[in-house]
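**Q** Would you be able to build a 3D model of this:
(one chain, ligands or ions: 1)
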Amino acid sequence: GVELLLSAPVTGIGVRRGRAFSVRCPGVVIDARFVVNAAGIWADDIERMVGRDDFEITPRRGEYYLFDKRVGHLVSRPLFPVPAELSKGIVVTPTVDGNLIAGPNALLVGDKGDLSTTAVGLAEVLEGARRLVPGLPIRESITNFAGLRAVAAPIGDFIIGPSPGVPNFINAAGIQSPGLTAAPAIAEAVRDILADAGLALAEKPDFNSVRKRPTRFSELGPEEQSALIESDPLWGHIICRCETVPEAEIIEALHRPVSCTTLDGVKFRTRAGAGRCQGGFCGPRVVAIIHRELGISPEKVTKKGGASFILSGRTKDPLLERADECVDEREEVGGRAHCRV
Ligand SMILES: Cc1cc2nc3c(=O)[nH]c(=O)nc-3n(C[C@H](O)[C@H](O)[C@H](O)COP(=O)(O)OP(=O)(O)OC[C@H]3O[C@@H](n4cnc5c(N)ncnc54)[C@H](O)[C@@H]3O)c2cc1C
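**A** Predicted structure coming up:
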């Protein structure tokens, strides 16, 4: 019952007599009886589209270290310090996949695109992490990254409810930490708000609330793995050696009803590229599989959408051009080549 529009930024919302009635994306206008604004750090910009300016989102950046599974055993449960004024403090915690993660720090930044990691910020994270796990070995860090919490001023808290003056425009905004933990409860609250506002909600008789977990080859025993390889040799063709992800698993991830088309999309679904080498080995192979399965040209495959292209062209082309020049030059000097390629 859901149609998902990907890579379709909302650029405008039609409002008539105090009610939102349409949502505009490039090339499409969607009629709407209700609009839910769950746009994260961009939620204030979306609210302005209905002529309201009730809150302003300032991103608060948090940086992280991710450590190799080799040191996953150092911590068996999340370690929290005493919370700081602005955040829960720098935490060291095991991940569900067996890595260790340390962070985040907390820094208000002006730019909603600022996902940079900094030497100063990472030093702060490491210092905080080592207060909890003395001697945490930095050489086992496999990547760093940052995220932006959506801090809504002036309230500084979650904003869940109809926008004042536009009753069918529902905000779920300013969902900073711990928004992930709160997400199921926020969804139920928004459902109830929509029902109170007059949206008829009826559960489908055939609704299946159980989602079958996709097969993770690396988690299976030898017999199950052998049976899969017997059924299709691509289960035995390991693309990501760090995380033991076979080609068949990547193909399955690409062809789910909601496809993923980027390197990060494949990584989040299968963990190909999430290991020690961070995709250094399997990245080009995943690009080739995306190209083959989805028909996206390798130059157009991105890390995470937008302009995050992996390839900028064929590396051999400049050499071939130079080779052509050499042929021309050789002809000019009477058949003796005087340049080397
Ligand atoms: C450093 C850090 C630490 C955190 N720690 C915790 C924690 O310990 N526990 C916890 O529970 N939570 C934590 N969180 C919070 C949690 O990650 C967020 O609360 C949660 O991701 C917010 O979800 P959201 O759906 O509101 O926003 P998002 O996940 O940001 O989703 C917003 C979506 O809106 C889309 N969008 C924006 N503008 C437009 C547009 N114009 N058109 C179409 N789409 C648009 C975006 O592309 C995005 O997909 C942390 C967050 C950070 C950054």
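**Q** now do the same end-to-end measure for stretch 126-146.
**A** Using C-alpha to C-alpha, to the nearest Å, one end of stretch 126-146 lies 14 Å from the other.
**Q** Check stretch 257-265 too.
**A** Taking C-alpha to C-alpha, stretch 257-265 runs 14 Å from one end to the other.
**Q** Can you pull out the residues in contact with it?
**A** With C-beta atoms under 8 Å, 6 or more residues apart in numbering as the test, stretch 257-265 has contacts from 4, 6, 253-254, 266, 268-269, 273, 279, 283, 286-287, 290, 294, 296, 301-305, 308, 310. Backbone N, C-alpha and C define where each C-beta goes, glycine included.
**Q** Out of these, name the ones that lie in helices.
**A** 253, 254, 266, 268, 269, 283, 286, 287, 290, 294 (DSSP state H).
**Q** quick one: which of those residues is nearest to residue 156?
**A** Closest approach between the ones in helices among the contacts of stretch 257-265 and residue 156, by C-beta to C-beta: residue 268, at 30.1 Å.
**Q** Find the helix or strand that the residue lying closest to the closest one once chain neighbours are set aside is a member of.
**A** Excluding the flanking residues, the one nearest residue 268 by C-beta to C-beta, 6 or more residues apart in numbering is residue 260, at 7.5 Å. Under DSSP states H and E, no helix or strand contains residue 260.
**Q** Low-confidence ranges, the chain, go.
**A** 317-341 (pLDDT under 70).
**Q** who's in contact with whatever residue of the stretch 151-300 of the chain ends up closest to the ligand?
**A** Relative to the ligand, the nearest point of the stretch 151-300 of the chain is residue 179 (2.0 Å; C-beta to the nearest ligand atom). Contact analysis of residue 179 by C-beta under 8 Å, 6+ apart lists 150, 158, 186.
**Q** Can you verify my assumption that the last one contacts residue 161?
**A** No. Contact criterion C-beta atoms under 8 Å: residue 186 and residue 161 do not qualify, at 11.1 Å.
**Q** Quickly list what's touching both of these two.
**A** By C-beta under 8 Å, 6+ apart, no residue touches both residue 186 and residue 161.
**Q** Pull out the buried positions in stretch 71-80.
**A** By 16 or more other C-beta atoms under 10 Å, the buried positions in stretch 71-80 come out as 71, 72, 74, 75, 79.
**Q** So what touches that stretch?
**A** Residues from elsewhere that reach stretch 71-80, judged by C-beta under 8 Å, 6+ apart: 88-89, 91-95, 98-100, 132-133, 136-137, 140.
**Q** ok, the spatially closest residue to residue 300 that is not a sequence neighbour to the ligand distance?
**A** Closest residue in space to residue 300, ignoring its immediate chain neighbours: residue 309 at 7.3 Å, by C-beta to C-beta, 6+ apart. Counting by C-beta to the nearest ligand atom, to the nearest Å, the gap from residue 309 to the ligand is 19 Å.
**Q** Spit out the contact partners of residue 309.
**A** Taking C-beta under 8 Å, 6+ apart, we find residue 309 in contact with 299, 300, 301, 302, 303.
**Q** right, and the third one touches residue 308 too?
**A** No. Applying C-beta under 8 Å, one finds residue 301 not in contact with residue 308, separated by 9.7 Å.
**Q** Those two: which is more packed in?
**A** Neighbour comparison, residue 301 and residue 308: the larger count goes to residue 301, with 22 against 12 (by other C-beta atoms under 10 Å).
**Q** Need phi/psi at the more buried one.
**A** Per-residue torsions, residue 301: phi -70, psi 140 (degrees, to the nearest 10).
**Q** about what we covered before: is the residue nearest to residue 300 in a bridge, and if so with what?
**A** Using DSSP bridges, the beta-bridge partners of residue 309 come out as residue 302.
**Q** And the contacts of stretch 71-80, which of them are buried?
**A** For those, a burial check counting by 16+ other C-beta under 10 Å picks out 88, 89, 91, 92, 94, 99, 100, 132, 133, 136, 140.
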